[in-house]
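S.K.: mind folding the following:
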Amino acid sequence: MLVLERNHPIFEEYANGFARDRITSIFSGTKGFWVVAATAAQEDGILDLDEPVQNTITEWQSKPDKEGIRIRDLLSFTAGIEPVFSLHGRSISDRNGYSIHQRAVEPRGDSFMYGPSQLQIFSEVLKRKLARRGMTPEQYLSRRILRPLGIWYVDFREDTKGNPLLASGFKLTARQWSQLGTLILNDGKYRRHRFVESDLLDECFVGTKANPMFGMGFWLNRDASDPGAREVDVENMLDIPWQRQSWRHTCLCKDAPRDLIAAIGSGYQRMYIIPSMDLVIVRQGSGARFSDAHFLRLLFANS
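M.R.: Presented below is the predicted three-dimensional model:
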């Protein structure tokens, strides 16, 4: 566990004698790095989050079920394309190609389907746009986000076609992960280096009709002040088929600040960013049960 207040560590503790340089899988925490890169790519003129995907994935131009899907729909998991969790493994040799040929089973914006397929479609969009500049998505993420944060080596979990897995895969120390949180806390800046303008970054933290609790890559606690809000265990909810998930009037913890932003990875890997309190909190676990609501209530119930 690591707690930063105003960019300075005020608590740091590692279990069983592990050192602070021990790397741990952050699983879906990986998504946040790619989504921040997407906002940087908009600032760099590489893409527009509101542009139709079919402008780049030209194979979609003859697919009526995919008309109108925007890049931001892919990043918010509201494009209507099923998750295809098998993409996490090694059995699919071309994750991007497999994903772009999945049909849309729901109209854009109507459903929240959390999983790797929509991010792999975004991967292909970014790949084709960057090819014009002689760059790969991995090179862009490294040059634009990772290296300026001081993160030099990550496992992109590339398939046989060289496509990175965007949904998961990074292994980081708590301090490395917290650097992305500090960038968010500082409105797109880290150590005097501006990565992206704050208004673009803020688009990651706006919920959707299908899931007000999720923006692009990050989970939100905005409904915590709603008297009718109910606390949910995100990992338990995501274990349910998407057709039966319920995200209306939900939050991580009713006693935590409503501006809390969370990066959530399987196995209860967590990074919480609380702008109103200048806090970044990283919690890395190893298989034990964990409750966001209980943990956050211990921290904030009397604040």
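S.K.: all strands of this protein, in order?
M.R.: Counting by DSSP state E, residue ranges of the strands within the chain are 2-5, 8-12, 24-25, 171-172, 189-190, 193-194, 219-220, 230-231, 250-251, 261-265, 269-274, 279-283.
S.K.: what angle separates the second one from strand 279-283?
M.R.: Using axes from the mean of the first three to the mean of the last three C-alpha atoms, to 10 degrees, the inter-axis angle of strand 8-12 relative to strand 279-283 is 30 degrees.
S.K.: equivalent analysis for the longest one, please.
M.R.: When the same axes, to 10 degrees is applied, the directions of strand 269-274 and strand 279-283 differ by 170 degrees.
S.K.: list the neighbouring strands of strand 269-274 plus their orientation.
M.R.: Paired neighbours of strand 269-274 in the sheet (DSSP bridges): strand 261-265 (antiparallel), strand 279-283 (antiparallel).
S.K.: now these in CSV, with mean pLDDT, mean neighbour count and distance to Ser93?
M.R.: Bear in mind the C-beta positions are built from the backbone N, C-alpha and C, glycine included. Formatted as CSV, the entries for the strands paired with strand 269-274 read as follows, by pLDDT from 0 to 100; neighbours: other C-beta atoms under 10 Å; distance: least, C-beta to C-beta, whole Å:
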stretch, mean pLDDT, mean neighbour count, distance to Ser93
strand 261-265, 98, 24, 25
strand 279-283, 97, 23, 34
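S.K.: could you dump the strands of the chain into TSV and include distance to Gly89?
M.R.: Output for these, formatted as TSV (distance: least, C-beta to C-beta, whole Å):
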stretch	distance to Gly89
strand 2-5	31
strand 8-12	34
strand 24-25	15
strand 171-172	17
strand 189-190	33
strand 193-194	36
strand 219-220	25
strand 230-231	32
strand 250-251	30
strand 261-265	17
strand 269-274	19
strand 279-283	27
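S.K.: so which of these is nearest Lys63?
M.R.: strand 219-220 (30.6 Å; C-beta to C-beta).
S.K.: can you name every helix or strand that the closest one contacts?
M.R.: When contacts are defined as 3 or more C-beta pairs under 8 Å, 6 or more residues apart in numbering; DSSP states H and E, strand 219-220 packs onto strand 261-265.
S.K.: list the buried ones in stretch 149-156?
M.R.: Neighbour counts over stretch 149-156 (16 or more other C-beta atoms under 10 Å) mark 149, 151, 154, 156 as buried.
S.K.: also stretch 221-233?
M.R.: Counting neighbours by 16+ other C-beta under 10 Å, stretch 221-233 gives 221-224, 229, 231-232 as buried.
S.K.: run through the bridge partners of Leu220.
M.R.: Assessed by DSSP bridges, Leu220 has beta-bridge partners Ile261.
S.K.: tell me the contacts of the closest residue in space to Asn186 that isn't next to it in sequence?
M.R.: Excluding the flanking residues, the one nearest Asn186 by C-beta to C-beta, 6 or more residues apart in numbering is Asn7, at 7.5 Å. Asn7 sits next to 182, 185-186, 278 when contact means C-beta atoms under 8 Å, 6 or more residues apart in numbering.
S.K.: give me the residue ranges of the stretch 101-250 of the chain where confidence is low.
M.R.: Within the stretch 101-250 of the chain, the set of residues satisfying pLDDT under 70 is empty.
S.K.: roughly how far does Leu119 sit from Phe214?
M.R.: Distance from Leu119 to Phe214, counting by C-beta to C-beta, to the nearest Å: 13 Å.
S.K.: neighbour-wise, which of these two wins?
M.R.: In terms of neighbours (other C-beta atoms under 10 Å), Leu119 is the more surrounded of Leu119 and Phe214; the figures are 27 against 24.
S.K.: so how far is Arg244 from the more buried one?
M.R.: Using C-beta to C-beta, one obtains 22 Å as the distance from Leu119 to Arg244.
S.K.: what sits closest to the residue nearest to the spatial centre of the chain if chain neighbours are left out?
M.R.: Per C-alpha atoms, centre = their mean, the C-alpha nearest to the average position across the chain is that of Gly217, at 2.5 Å. The spatially closest residue to Gly217, leaving aside those adjacent along the chain, is Val35, at 3.2 Å (C-beta to C-beta, 6+ apart).
S.K.: which residues touch that neighbour?
M.R.: For Val35, the contact set (C-beta under 8 Å, 6+ apart) comprises 75, 204, 216-218.
S.K.: mind redoing it with 10 Å?
M.R.: For Val35, the residues meeting the contact criterion (C-beta atoms under 10 Å, 6 or more residues apart in numbering) are 72, 75-76, 119, 122, 166, 201, 203-204, 215-218, 263.
S.K.: do the same with Thr182
M.R.: 4, 6-7, 149, 175, 189-191, 273, 280.
S.K.: and those residues, which is closest to Glu106?
M.R.: Distance to Glu106, by C-beta to C-beta, is smallest for Ile273 among the contacts of Thr182, at 30.5 Å.
S.K.: many thanks, have a good one.
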